[in-house]
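**Q** quick one, what's the 3D model for this:
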Amino acid sequence: MQKTVANKITMIGKGVHSGKPARLIVHPASAEYGIWFRRVDVTDKNNLIPALYDAVNDTQMCTRLANEENVEVSTVEHLMAALAGTGIQNALIEIDGPEVPIMDGSSYPFVNAIMDAGVRELDAPVRAIRILKEVSISFDETVATLLPSEVLEIDFSIDFADQAIGLQHKTLEMANGTFVRELSDCRTFCQRKDVDALHAIGLGQGGGLENAIVVDGGLVLNPEGFRRTDECVRHKMLDALGDLALAGAPILGKYVGVKAGHRATNLLLRELFSRSDAWEMVVCNEAQAEMLPGAHIQAADLRLSA
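**A** Model (predicted):
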């Protein structure tokens, strides 16, 4: 069955680039509604923005969406990952500014709020996008691929010169609460030189050690260190799930990312939907629905790692 949040969720946090506080409210929605953002601070034009891959207009430092009147909302990936990871297909997200709050730099605060609010089943079947043929895009040293699979799998590799990160690789099936348990608490990360460069041009004003892992060569500048030894590649997997959620339905397939990011995943979805022979929309049977990311999640899955 399709799902929505059982109760309204209200969250307040600052935007990572502006540093300004934003109020975000996730409302329950009916079956077949999908995920939409509403910029309540915009009153002179259409303020509804669809959470869909073809509404993405920038992927440089985050995923940004825009509607046909150029009303935008950015940094949607961590919230989209939380919705996908808890099985939410329908919600209206009201926000009073242009950025989704960064919170702690992971999906943990959003997942925690969703699980506190509860999840409600709706009287409609879940449809999923089943991958039929390999689809791939590449540029520079980046490769992103979707392959046929009975469940959503994410296979990700990163390689950074900073010794604190280095080469990391991980593969996970996104079933039975895996996202909530294994990925949701993993924070975004950056190099110190990038933070300094952003601050120099007036961006990243809301970023800091409270909402990102900052590395400098072999050093992790956060006093608490990593939450997990491979937190960086896990966060990339979190981002991938959030960006894949912009397909508009769960994906039954294997995503392989090599040094991939928001741009690669969005280009991959655009390539996928340009090829009608590479995918099909299916109504999930009971067995398929049981293997979707939001099935079988429980409170014990949600914990910050020591």
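
**Q** how many neighbours does Val256 have?
**A** Using other C-beta atoms under 10 Å, Val256 is surrounded by 21 other residues. Where C-beta positions appear, they are placed from N, C-alpha and C, glycine not excepted.

**Q** I meant Arg228, not that one.
**A** Neighbours of Arg228 (other C-beta under 10 Å): 16.

**Q** next one: it, what pLDDT does it get?
**A** According to the predicted model, the pLDDT of Arg228 comes to 96.

**Q** same check on Lys14?
**A** 93.

**Q** so who does it touch?
**A** By C-beta atoms under 8 Å, 6 or more residues apart in numbering, the residues touching Lys14 are Lys20, Pro21, Ala22, Pro101, Ile102, Gly206.

**Q** ok, now with 7 Å
**A** Shown in contact with Lys14 (C-beta atoms under 7 Å, 6 or more residues apart in numbering): Lys20, Pro21, Pro101, Ile102, Gly206.

**Q** which residue is the nearest non-sequential neighbour of the second one?
**A** Spelled out, it's Pro21. Distances taken as C-beta to C-beta, 6 or more residues apart in numbering place Lys14 nearest to Pro21, at 5.2 Å, with adjacent residues excluded.

**Q** how far away is the one you found from Leu122?
**A** Separation of Lys14 from Leu122 (C-beta to C-beta, to the nearest Å) stands at 33 Å.

**Q** isn't there a strand covering Arg38?
**A** Yes. Read with DSSP: H, G, I helix; E, B strand; the rest coil, Arg38 is one of the residues of a strand.

**Q** state the distance from the residue lying closest to it once chain neighbours are set aside to Thr43.
**A** Computed as C-beta to C-beta, 6+ apart, the closest residue to Arg38 that is not its neighbour in sequence is Glu94, at 4.8 Å. Note on Glu94: its distance to Thr43, by C-beta to C-beta, is 13 Å.

**Q** more neighbours, these two?
**A** Glu94 (18 against 7).

**Q** for the more buried one, list each beta-bridge partner.
**A** Glu94 forms beta bridges with Ile25, Arg38, as assigned by DSSP bridges.

**Q** may I have the distance across stretch 169-183, first residue to last?
**A** The first residue of stretch 169-183 is 14 Å away from its last residue (C-alpha to C-alpha, to the nearest Å).

**Q** low pLDDT regions in the stretch 51-200 of the chain?
**A** By pLDDT under 70, the low-scoring segments of the stretch 51-200 of the chain are 197-200.

**Q** ranges for the helices of it?
**A** Using DSSP state H, counting those that start in this stretch, the helices of the stretch 51-200 of the chain run over 77-85, 108-117, 178, 192-200.

**Q** any idea which of the ones you listed is most buried?
**A** Among these, helix 77-85 has the highest mean neighbour count (mean count of other C-beta atoms under 10 Å), at a mean of 28.

**Q** and the residue lying closest to Lys45 once chain neighbours are set aside, its phi and psi?
**A** Counting by C-beta to C-beta, 6+ apart, Glu69 is the residue found nearest to Lys45 once chain neighbours are left out, at 4.6 Å. Glu69 adopts backbone torsions of phi -100, psi 20, taken as degrees, to the nearest 10.

**Q** so what's the residue count around Glu69?
**A** With other C-beta under 10 Å as criterion, Glu69 counts 13.

**Q** just checking, it touches Asn46?
**A** Yes. Look at Glu69 against Asn46 with C-beta atoms under 7 Å: they come within range, at 5.0 Å.

**Q** any idea how far Arg263 is from Gly177?
**A** Distance from Arg263 to Gly177, counting by C-beta to C-beta: 29 Å.

**Q** before we move on, what about Pro223?
**A** 30 Å.
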